[in-house]
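Colleague: sequence and predicted structure, then a few things I'm wondering about:
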Amino acid sequence: MLSKEQIAQRIAKELQNGYYVNLGIGIPTLIANYVPEGLEVEFQSENGILGMGPFPYEGEEDADLINAGKQTITALPGAAFFDSAMSFGMIRGQHVDLTVLGAMEVDQNGDIASWKIPGKLVKGMGGAMDLVSSAENIIVAMMHTNKHGDSKILKKCTLPLTGVNCITKVVTNLCVLNLENGKFRLLERAPGVSIDEIISATEAELIVEGDIPEMEF
Amino acid sequence: MHPIYFPKYTAFAKLFCNFIGYQNKNQMINKTVDNVQVALNDLKDGMTCMVGGFGLCGIPENIINEMVRKNVQGITCISNNAGVDDFGLGLLLKQKQIKTMIASYVGENAEFERQMLSGEMEVILTPQGTLAEKCRAAQHGIPGVYLKAGYGTEAAEGKETREFDGKHYVLEMAYKADFSFVKAWKGDTAGNLIFKGTARNFNAPMAGAAKITVAEVEELVPAGELDPNQIHIPGIFVQRIFQGERYEKRIEQKTVRQKN
């Protein structure tokens, strides 16, 4: 089973040279730590920066320089600032090549639920609905099951949706899945995790064909 | 018009321009007001106000404090976030001044939660890019826009949808607001604005998106001192400008790394 860091590390392998990438809060944020050496990749934060750098050193934080998680950040040489309308213009206009975000549930229709649990305090969807509806290339980074052990990879989402028919790839602590014609195809297993374990932890229909390799990092 | 057909007109225009050029010493329109009290003197109960900022980054601190002091009631507030318990729009919440809150993310604010659950305050959660675009549409005189965000979710409930090239879109109408309150880093007396870092956020698309836009700036300079090439928001979008005082610029989530 993968740790959150290892999920991030596996997703980092999907980065390609020249990619503009938007990382959601949580596991996706960790991906920035695993960008392969020599790859030219720029991170976009939807509150208005391209070329987001690491956290500042103590004492160098700037209230006017934050990411979408409201954390203090730095701007790399060559970074650009812009307003929120333009930021979502670049997302909506599909200028951002890859979006990685977390989820509470995904289903085989490509639907994603990530913002609201009925009966619990609602904080809002932030930019998640805009991101999932606009991006062509979305990777969902999530734990395979919830804390009760129930599958988060479903035939049909039960929670209020963030977007419909929009996700394709899912990387969990157990495996890598790709959505194909209304079913999830099992592409890779986490090291030491059996196909049976994955099947029993997955409520959605799975396509398991041929040898399923273990992930490589 | 070719001058050959209108020789008299051209001659007259030349004369006229010379006259204007001589008379007009290139005075820019002065948008300055003395202070925040003057800037907000016609803000009334029940009005709709856009408030710039993302989290606590780039919020119009002086204007919010004046709204609190005036204790205007029944405000509809369009802002990406709702501040924190003791800063930003949280201060208005504390006095129960907000009737309707339109935001994309309201975060962890105990008083906000209480007022929302008790029904004292109406909350309209709106996808962040949609919120920005509804401001931009208002700023640009566009009645509404078709956006993909929220299609098939409760954010699109009751809204007109339309299909273009096999994809589904939701019709989102431009906001109609009485006031837009924005904060910039530098501004001049003509109302031109320059923002710093990620504080541009909603301040830029909200400028000029309401009947009256009030801008507070950290540094106000005479017209002519800012480089026209560097202006982010031209003064035409701003009706009133003043230099703010005592900026706290609070950081919501201080995150740092260690040297070595």
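Modeller: Thanks, I have it.
Colleague: helices or strands up against the helix-or-strand element of chain A with minimal mean pLDDT?
Modeller: In chain A, the helix or strand scored least confidently by mean pLDDT, DSSP states H and E is helix A:27-30, which has a mean of 93. Under the contact definition 3 or more Cβ pairs under 8 Å, 6 or more residues apart in numbering or on different chains; DSSP states H and E, helix A:27-30 sits against helix A:4-12. All C-beta atoms are positioned from the backbone trio N, CA, C, and that covers glycine.
Colleague: which is the next helix or strand following the helix it packs on?
Modeller: Remark: after helix A:4-12, the chain's next helix or strand is strand A:19-23, criterion DSSP states H and E.
Colleague: in its sheet, what does that next one sit against?
Modeller: strand A:41-45 (parallel), strand A:98-101 (parallel) (DSSP bridges).
Colleague: mean confidence for it?
Modeller: When pLDDT is averaged along strand A:19-23, the result is 97.
Colleague: okay, the angle between it and helix A:4-12?
Modeller: 150 degrees (axes from the mean of the first three to the mean of the last three Cα atoms, to 10 degrees).
Colleague: ok, residues contacting strand A:19-23?
Modeller: Strand A:19-23 is contacted from outside by A:15, A:29, A:31-32, A:41-46, A:50, A:90-91, A:95-101, A:131, A:135, using Cβ atoms under 8 Å, 6 or more residues apart in numbering or on different chains.
Colleague: circling back to that earlier point, pull the distance from the least confident helix or strand of chain A to the chain's centre.
Modeller: 8 Å (Cα atoms, centre = their mean, to the nearest Å).
Colleague: now stretch B:251-260
Modeller: Taking the mean of its C-alpha atoms, stretch B:251-260 sits 29 Å from the chain's own mean (Cα atoms, centre = their mean).
Colleague: list the buried residues for it?
Modeller: Buried positions in stretch B:251-260, judged by neighbour count with 16 or more other Cβ atoms under 10 Å in any protein chain shown: B:251, B:252, B:255.
Colleague: ok, the second one - contacts?
Modeller: Contacts for residue B:252 (Cβ under 8 Å, 6+ apart) come out as A:66, A:70, B:55, B:56, B:57, B:84.
Colleague: which two of the residues you listed have the greatest separation?
Modeller: A:66 and B:84 (13.8 Å; Cβ to Cβ).
Colleague: neighbour count for the two, which is higher?
Modeller: The residue with more neighbours, out of residue A:66 and residue B:84, is residue A:66; 31 against 21, by other Cβ atoms under 10 Å in any protein chain shown.
Colleague: the nearest residue to that one once chain neighbours are set aside pairs with what?
Modeller: Distance criterion Cβ to Cβ, 6 or more residues apart in numbering or on different chains; nearest residue to residue A:66, sequence neighbours excluded, is residue B:57 at 5.0 Å. Residue B:57 has these beta-bridge partners by DSSP bridges: residue B:54.
Colleague: doesn't residue A:64 make contact with residue B:57?
Modeller: Yes: Residue B:57 lies in contact with residue A:64 (Cβ atoms under 8 Å); the separation is 6.3 Å.
Colleague: who touches both of these two?
Modeller: Counting by Cβ under 8 Å, 6+ apart, the residues touching both residue B:57 and residue A:64 are B:197, B:198, B:199.
Colleague: just put the buried residues of stretch B:251-260 in JSON lines and tack on pLDDT, distance to residue A:78 and secondary structure.
Modeller: Below are the buried residues of stretch B:251-260 laid out as JSON lines (pLDDT from 0 to 100; distance: Cβ to Cβ, whole Å; DSSP: H, G, I helix; E, B strand; the rest coil):
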{"residue": "B:251", "pLDDT": "96", "distance to residue A:78": "25", "secondary structure": "coil"}
{"residue": "B:252", "pLDDT": "94", "distance to residue A:78": "26", "secondary structure": "coil"}
{"residue": "B:255", "pLDDT": "95", "distance to residue A:78": "22", "secondary structure": "coil"}
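Colleague: please consider this matter closed, and thank you.
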